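Chemist: requesting a structural model of the entry that follows:
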Amino acid sequence: MPTPTRLVSLSAAVLLIAGLAGCTAEPDEVAPLPTTPVVQLGGPGEPNRTLSPEEAAGLGTPTYVEEDVVFVREMLHHHSQAIEMVGYVEERAEGSDVLLLAERMDVSQTDEMTQLEKWLQTRGEPVRDPDASHDDHPADMPGVLTEAELAQLEAAEGDAFDVLFLESMIRHHEGAIQMVRELYAAGGGQESEIDAFARHVEADQGIEIARMQEMLAEREG
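Modeler: Presented below is the predicted three-dimensional model:
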């Protein structure tokens, strides 16, 4: 049986241990790493990649960058010329398939221009580059027609117009897809709205290119 002195010593030890435990700071809680796989979408032509838990935990919400603003402004110019080209169709085209295609393009690209303008305005960005002159139009933009080529298209009629329109619009669409790829290559396209729009342009215009190539082949056949 423990002696009274021994009991006092044990009690003191128990109290000391309890006091130390109470004074010890709780360790900071660390947010658990994500356990659900997070897949990062690759750019056009690039594979998707599954992020590690550490990479996924460090992801923030991407914001737009200057490359996105430039892309949106240039795409507005690009769409504007497409709508100008489509405006020639009703009076000059021969085939009903070209008329239907032009109607679809007019609706879709007009809606997309409204979407792009709203994107700029919501972010307080001017629709036009404030450093550019009023008449500045980037003639070296991928796929755009020169003034001479536009005049040639406007002067054509019937079957000749249909063929020239399809050839010109295929080139125009390919230019838009190139602009999307250049956007990602420059580090843009990470903001969710821009990413969604760019991927839509690549997919939608790719489908239209395939259809226009079929239409050309039917005429050549």
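Chemist: what's the weakest-modelled helix or strand in this structure?
Modeler: Of all helical and strand segments in the chain, the minimum by mean pLDDT, DSSP states H and E falls on helix 4-23, at a mean of 43.
Chemist: what separation do you get for the residue nearest the centre of the chain and G188?
Modeler: The geometric centre of the chain, computed from its C-alpha atoms, lies nearest to D195 (Cα atoms, centre = their mean), at 2.4 Å. Relative to G188, D195 is positioned 9 Å away (Cβ to Cβ, to the nearest Å). For glycine as for every other residue, the C-beta is placed from the backbone atoms N, C-alpha and C.
Chemist: over to E94?
Modeler: As judged by Cβ to Cβ, E94 and G188 stand 41 Å apart.
Chemist: what's the answer for M105, then?
Modeler: According to Cβ to Cβ, M105 and G188 sit 25 Å apart.
Chemist: ok, now L120?
Modeler: Taking Cβ to Cβ, one finds L120 at 14 Å from G188.
Chemist: more crowded one of those two?
Modeler: A side-by-side neighbour count of L120 and G188, using other Cβ atoms under 10 Å, places G188 first with 23 against 18.
Chemist: quick check: closest non-adjacent residue to the more buried one.
Modeler: Nearest in space to G188, with sequence neighbours left out and distances taken as Cβ to Cβ, 6 or more residues apart in numbering, is E67 at 3.3 Å.
Chemist: and Y64, by the same measure?
Modeler: Using Cβ to Cβ, 6+ apart, the nearest residue to Y64 is E191, at 4.3 Å.
Chemist: any idea of the pLDDT on that neighbour?
Modeler: Turning to E191, the model gives it a pLDDT of 95.
Chemist: for it, phi and psi?
Modeler: The phi/psi pair for E191 (degrees, to the nearest 10) reads phi -60, psi 140.
Chemist: same thing with T63?
Modeler: Main-chain dihedrals, T63, degrees, to the nearest 10: phi -110, psi 170.
Chemist: give me every residue that touches it.
Modeler: Contact analysis of T63 by Cβ atoms under 8 Å, 6 or more residues apart in numbering lists Q190, E191.
Chemist: check the one 10 residues further on too.
Modeler: Under the criterion of Cβ under 8 Å, 6+ apart, the contact partners of R73 comprise L120, V127, R128, D129.
Chemist: go again with 10 Å.
Modeler: Residues near R73 by Cβ atoms under 10 Å, 6 or more residues apart in numbering: L116, E117, L120, E125, P126, V127, R128, D129, A132, P138.
Chemist: which one of those residues sits closest to H78?
Modeler: P138 (8.9 Å; Cβ to Cβ).
Chemist: which pLDDT value goes with the closest one?
Modeler: For P138, pLDDT reads 60.
Chemist: next: the one 5 residues further on.
Modeler: Residue-level confidence at G143 comes out at 95, pLDDT.
Chemist: give me the element the closest residue to it other than its chain neighbours is part of.
Modeler: Nearest residue to G143, sequence neighbours excluded (Cβ to Cβ, 6+ apart): G175, at 1.7 Å. Per DSSP states H and E, G175 falls inside helix 158-185.
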